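K.L.:
coordinates only, sequence not included:
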């Protein structure tokens, strides 16, 4: 019977709210070791059901997680150095011969 109630929209919202309370209680007692919240993900998916803009935002977020993020992006490799504490920058231009 509980499964049928959770299959309705009001039942789903009530279930998500109960999960949110459980997340907060686990976090307050120190037992919630994970970083994200299950209820937040559930509410975002519910919001995406009714808002096409939210669906595209979630797809964009998922694709951004798949892309590699290198620290050296945009900078020449091992040619330039910047020392912020010393106030000095060294730029080496390669010679093309």
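P.N.:
Cool, got the structure. Fair warning: this is a prediction, and the values are worked out from it, not measured in the lab.
K.L.:
Quick check: what element follows the helix or strand bottoming out on mean pLDDT in the chain along the chain?
P.N.:
In the chain, no helix or strand scores lower on mean pLDDT, DSSP states H and E than helix 2-6, which sits at a mean of 71. Note on helix 2-6: by DSSP states H and E, the next helix or strand toward the C-terminus is helix 9-29.
K.L.:
Distance from the chain centre to that next one, please.
P.N.:
Mean C-alpha position of helix 9-29 versus that of the full chain (C-alpha atoms, centre = their mean, to the nearest Å) differs by 20 Å.
K.L.:
Using neighbour counts, pick out the buried residues of it.
P.N.:
12, 15, 16, 19, 20, 23 (16 or more other C-beta atoms under 10 Å). Quick note: C-beta positions are derived from backbone N, CA and C, even for glycine.
K.L.:
name the element the residue most central in space within the chain belongs to?
P.N.:
Centroid check for the chain by C-alpha atoms, centre = their mean gives residue 61 as the closest residue, at 6.9 Å. Secondary structure assignment for residue 61, by DSSP H and E: helix 52-66.
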